[in-house]
Each structure stands twice: as structure tokens, then as C-alpha cells.
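S.K.: Okay, structure incoming, though there's no sequence with it:
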């Protein structure tokens, strides 16, 4: 494979942009991990964010790097990777993340990054540069992850309702205020594992193209993993407050028992996807679980108008970030 010749300063710049995206991913998606536990009043925002950031980082010790391998090797043809493709992909993802954060829309950082990769790669080498298997798996899970979150969230809610049918609401609330600390930690663990590895995959892809890593390596360099988990942890620590209200209260009114069920359903989905190496959207997953919890209570408990607006943001994410990435690729080609 041809090794890309790249100056150290430009390589460092691109890795820096990737870590900025990773930070923004944590910043943007902090709401996914903390919205339920904050909106139910179990934890104050600052405490919830600190807990979520901690579990984002320690996820490094619990999960293999299959998602990083999928993003780094299984999405686009490695032979077309250069500084312009990576630059375009990252700018496309960062721009879409900023726009959706500014307007308080819980879109997917993951799909923004994948859309950025697709747009940049197609701008350089056409659709033939895309690896169908990896992309189709991701596209399928755009539907599967919120659906699985919905099913698990609603089943958890029905199971808990059955188990605690004779228990007073006060006692149920007391128990699940404690249990929600566990479920929020589990969800943050899954969030950190799946999302940090996407940026790891991008940096790994760049290092392989420049000869600083080998395509046959099973794992990315240790410093890449540590940098990405740390960056997403710091992003979560600073928090994406604009999205918390949408996720925690506007879709459906949550109580601690509902927060526990939504987080547990979402966490199980993320654990399974990460174990399979599929880069899924943590936003899609927790939104599906929250809707499932609300619908299990009663269908009218879900504000379907809010949920449908979120779905439109999901639909637009990949094409919008792809378009920005293609433009950024062209700009990078002229000036980098």
C-alpha cells in the first residue's frame, strides 16, 4: 500500500481536529447520558456530568476496539485516504455537530462523522471508494438501535410495573432513585465505549495511511485510545446543556423508575453494538428507549411531535454532513 507523505505538523493538526471532534461528541452527547437522571431529580447536573465523564473514560478498560476497527478499516477504501479526505470528514462532522448543538437538536455525532467520511471519500474518488458491508451495517443500525432501545425500554417498564404492582409509589420512587445511579453509570459506560472508538478509528486510519501504524494491527496505538477516551470524557464534563431539556422532559415526562428503564434498555443496546463492532448512535438509542418507556405507560404520554422533529434531524444528518464534508474536502485541496 502506498504510504502517504505528510508533514508532522499537518499530521498533528489533523489529529488535533479529530480530538476536537471527540470533545464535541462528549459535549454534544452529554445530554444522552445525563438527561434522564437530571430530569428525574436524582442528581444535580454538575454531579451527573462528572459521573458520566468518569464512566466515559473508564470504558477503555471494559471493551475491545472493534468499533474503532470498523470505522478505521471497514467504511471506505484505505487506499484513498489522505489529509484532504480526513480534513473534509472532520470538518463536516464538527460543523453539523455545532449546528445541531446550537439549536438544541439531539442529532447523532456518530452519523455526522460517518456522513463526513462518506462525503469526503465520494468527493475524491466516487462511490466506488465506499465499503458496502461496513456502511450497510451502520445504515441498518440507524433503524435497529432506536427500535431495540424502544423495545427494551418498554419491556423494562412493563416488567418493573409487574414486579412492583403492590408497592407504594413512594417506596418505588425511593428504590429507583438509587437504582438510577447504576443505570446512568451503565449507559455512560456504553456511550464512552462506542463513541470514543469512532474517533479512534479516524486517527488510526490516518496513522495507517501515513505509515505510523500498520493495517494488520489488531488494536490502534495505546496513546490514541487514551487520548480519545480522555477527550470525550472532558467533553461530557463540560456538558451539552441545550439538549438536556429536549431529551429529559420534552419527549415524555420521566420519573426515576422510567429513567432507570430507559437507561438500562439503552445501555444493553450499546453494550451489544460495541461487542459486535457496530458504530451506533447513542442519541438514537436513548431516544428510542425514552419513547418506549413513555409509550409503555400510555401512548399519549409521548409528545410525538417532538419525537418526529428529532427523527427528521436523524434523516438529515448523514446527507448534510456529507455535503459539508465534500465542500471542506475541496477547500482543503486548495489550501492545505
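M.R.: Structure's in. What do you need? Fair warning: this is a prediction, and the values are worked out from it, not measured in the lab. Numbering: from 1, shown residues only.

S.K.: Could I get the phi/psi values of residue 130?
M.R.: For residue 130, the backbone dihedrals (degrees, to the nearest 10) come out as phi -90, psi 140.

S.K.: so what's it up against?
M.R.: The contact partners of residue 130, by Cβ atoms under 8 Å, 6 or more residues apart in numbering, come to 75, 76, 77, 118, 121, 122. The C-beta positions use only the backbone N, C-alpha and C, and glycine is treated the same way.

S.K.: can you pull the pLDDT of the closest residue to residue 11 other than its chain neighbours?
M.R.: Leaving aside its chain neighbours, residue 11 sits nearest to residue 210 (6.2 Å; criterion: Cβ to Cβ, 6 or more residues apart in numbering). For residue 210, the pLDDT comes out at 84.

S.K.: I'd assumed residue 10 was in contact with residue 210.
M.R.: No - Residue 210 is beyond contact range of residue 10, at 9.7 Å (criterion: Cβ atoms under 8 Å).

S.K.: So between the two, which is more surrounded?
M.R.: Between residue 210 and residue 10, residue 210 has the larger neighbour count (other Cβ atoms under 10 Å), namely 19 against 13.

S.K.: May I ask which helix or strand of the chain has the lowest mean pLDDT?
M.R.: Here the helix or strand of the chain ranked lowest by mean pLDDT, DSSP states H and E is helix 241-245, holding a mean of 53.

S.K.: State the separation between the next helix-or-strand element following that one and the centre of the chain it belongs to.
M.R.: Beyond helix 241-245 on the C-terminal side, the first helix or strand identified by DSSP states H and E is helix 256-276. The chain centroid and the centroid of helix 256-276 are separated by 13 Å under Cα atoms, centre = their mean, to the nearest Å.

S.K.: Distance from the chain centre to the next helix or strand after helix 256-276, please.
M.R.: Next in sequence after helix 256-276, counting helices and strands by DSSP H and E, comes helix 282-297. Mean-position distance between helix 282-297 and its chain equals 16 Å (Cα atoms, centre = their mean).

S.K.: Ok, stretch 316-331 next?
M.R.: On Cα atoms, centre = their mean, the centre of stretch 316-331 falls 19 Å from the chain's centre.

S.K.: for this protein, which helix is longest?
M.R.: Counting by DSSP state H, the longest helix found in the chain is helix 169-209.

S.K.: That helix packs against which elements?
M.R.: helix 8-39, helix 45-58, helix 66-73, helix 83-102, helix 109-125, helix 222-238, helix 256-276, helix 282-297 (3 or more Cβ pairs under 8 Å, 6 or more residues apart in numbering; DSSP states H and E).

S.K.: Output the below-cut-off pLDDT ranges for the stretch 101-250 of the chain.
M.R.: When residues are selected by pLDDT under 70, those of the stretch 101-250 of the chain lie in 104-106, 239-250.

S.K.: In three-state terms, how would the residue lying farthest from the centre of the chain be classified?
M.R.: The centre of the chain is farthest from one residue, residue 166, which by Cα atoms, centre = their mean lies 38.2 Å away. Secondary structure assignment for residue 166 (DSSP: H, G, I helix; E, B strand; the rest coil): coil.

S.K.: Residue 278: which of the contacts of residue 130 is nearest?
M.R.: residue 75 (11.7 Å; Cβ to Cβ).

S.K.: which residue packs closest to that closest one, ignoring adjacent ones?
M.R.: Closest to residue 75 by Cβ to Cβ, 6+ apart is residue 134, at 4.7 Å.

S.K.: How many residues are close by that neighbour?
M.R.: 20.
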